[in-house]
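1. I would like to see how this sequence folds:
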Amino acid sequence: MIKFGISEQSVIPVRNEPSERAEMITQVLFGEKFQIVEETVKWSYIKLNGDKYLGWIDNKTITTISEEYYNKLNTTSHFISKNLFTRVANDKDEQIILPAGSTFPEFDSEKNTFRISENSYRIEDDLLNTTKVDELAKQFLNCPYLWGGKNPFGIDCSGLVQVIYFELGKQLPRDAREQVNNGTAVNFISDIQPGDLAFFDDSEGNIIHVGIVINPKEIIHASGKVRIDNIDQQGIFNKEIAKYTHKLRVIKRIL
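-> Down below sits the predicted model:
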C-alpha cells in the first residue's frame, strides 16, 4: 500500500541508498509532497510529486499525510516562495527559515498564512513576487556548489535551474540530461533571450551542465559557486582564468 508524505523541514536530503553515508542525489524542499513507495525501519523510498525523482529519505524527516489530503493539496491554492530565504512561525511561535522554492499550501494572501494538515504557519517576511528570471537567479550569486543541492547553502547546476523555473510555475526534471528535452531550440546565439537555458556536453556528447542565460553575452550557472560568466557560440568563458570551461551543445527556450 502506497503511503504519502510532505516535508515540514526546510530541506531533506534524498540519497541513492538507505544510509547516511550514501550519495545525496537531490533534496526535498519545504512543502514538497511525495509518495512513500517502500519502507524500512529507518528509511523510506519516495517518489517526489513534482519531478517524479526517486530516492531514500530518513523516516524521522517525514510528515505523513492521507491520500485524500495529498490529492487535495494538488488542487488547493498554494504559493511558491521566491525570496532567497523566508522566515515563518509555526503554531508554537517557533521561527523556521525556508529556502527559495518552498511551497506554502493552502495559502491565504490576506492573512499571510498557510497550513499543512493541522499545522498553521505565519509568514514573517514580505514576499517577493517578481517574474524576472535574472532577478530570481541573481539572488543565488556566490551560493556554494553542492552535488544534489537545491537550496542557497548548496546547489548544483540543474538544481538552480529547477528551483528558478519552479518559482515561475514551470516544473522541470531534476537533471540537466532530462531538462534538455524541454522547450524549443534557439538556432542562433544572437537570438537568445533572458531565461533561455544553455546546455553543455562532454567529449562523448553527454549533457553534463546547464545554466540560465541572463543577456545575450552572459550566463548564470553553478560551477564551484553560483556565478556569472560570458557565453558565446563556443561555450562558457571564465574571465578569471581566461579559458573556456564548458562546451555549448544547445540553447532551449522554455518560457
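
2. return the helix or strand harbouring Arg249 as PDB; C-alpha atoms alone will do.
-> Applying DSSP states H and E as the criterion places Arg249 in strand 243-253. Provided in PDB are the C-alpha atoms of strand 243-253 (Å, rounded to 0.1, in the frame of the first residue of the first chain):
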ATOM      1  CA  LYS A 243      39.600  30.000 -20.600                       C
ATOM      2  CA  TYR A 244      36.600  28.200 -21.800                       C
ATOM      3  CA  THR A 245      35.200  25.800 -19.200                       C
ATOM      4  CA  HIS A 246      32.100  24.300 -20.800                       C
ATOM      5  CA  LYS A 247      31.300  23.500 -24.500                       C
ATOM      6  CA  LEU A 248      27.900  24.700 -25.800                       C
ATOM      7  CA  ARG A 249      25.600  22.000 -27.100                       C
ATOM      8  CA  VAL A 250      22.200  23.700 -27.500                       C
ATOM      9  CA  ILE A 251      20.100  26.600 -26.200                       C
ATOM     10  CA  LYS A 252      16.400  25.900 -25.400                       C
ATOM     11  CA  ARG A 253      13.600  28.300 -24.800                       C
END
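
3. pull out the buried positions in it.
-> Residues of strand 243-253 classed as buried under the neighbour-count rule (16 or more other CB atoms under 10 Å) are His246, Leu248, Arg249, Ile251, Lys252, Arg253. The way it works is simple: take the backbone N, C-alpha and C, and place the C-beta from them, glycine included.

4. and stretch 32-45, by the same measure?
-> For stretch 32-45, by 16+ other CB under 10 Å, it's Glu32, Lys33, Phe34, Gln35, Ile36, Trp43, Ser44, Tyr45.

5. are we agreed that the last one is in a strand?
-> Read it as Tyr45. Yes. Under DSSP: H, G, I helix; E, B strand; the rest coil, Tyr45 sits within a strand.

6. ends of stretch 200-211, how far apart?
-> Using CA to CA, to the nearest Å, the end-to-end distance of stretch 200-211 comes to 9 Å.

7. pLDDT on it, on average?
-> Per-residue pLDDT over stretch 200-211 has a mean of 97.

8. what's next to it, contact-wise?
-> Residues from elsewhere that reach stretch 200-211 (CB atoms under 8 Å, 6 or more residues apart in numbering): 157-158, 161, 176-177, 179-180, 197-199, 219-223, 231, 235-236, 246-249.

9. nearest to Gln9 among the buried residues of stretch 32-45?
-> When those are ranked by distance to Gln9 (CB to CB), Glu32 comes first, at 10.2 Å.

10. helices or strands up against the lengthiest helix in the chain?
-> Ranked by residue count and defined by DSSP state H, the top helix of the chain is helix 157-167. Helices and strands touching helix 157-167, as assessed by 3 or more CB pairs under 8 Å, 6 or more residues apart in numbering; DSSP states H and E, comprise strand 24-29, helix 133-138, strand 150-151, helix 176-179, strand 207-215, strand 218-223.

11. for the helix or strand following the fourth one, name the packing helices and strands.
-> Going down the chain from helix 176-179, the next helix or strand is strand 184-185, by DSSP H and E. Strand 184-185 makes packing contacts with strand 243-253 when contacts are defined by 3+ CB pairs under 8 Å, 6+ apart.

12. got the angle between the strand it packs on and helix 157-167?
-> Per axes from the mean of the first three to the mean of the last three CA atoms, to 10 degrees, the angle that strand 243-253 makes with helix 157-167 is 30 degrees.

13. in its sheet, what does strand 243-253 sit against?
-> Strand pairing for strand 243-253, determined by DSSP bridges: strand 184-185 (antiparallel), strand 197-201 (antiparallel), strand 235-238 (antiparallel).

14. pipe those into TSV and attach mean neighbour count per row.
-> TSV is the format used below for those (neighbours: other CB atoms under 10 Å):
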stretch	mean neighbour count
strand 184-185	10
strand 197-201	23
strand 235-238	18
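
15. spell out for me which residue occupies the centre of this protein.
-> Val163 (2.9 Å; CA atoms, centre = their mean).
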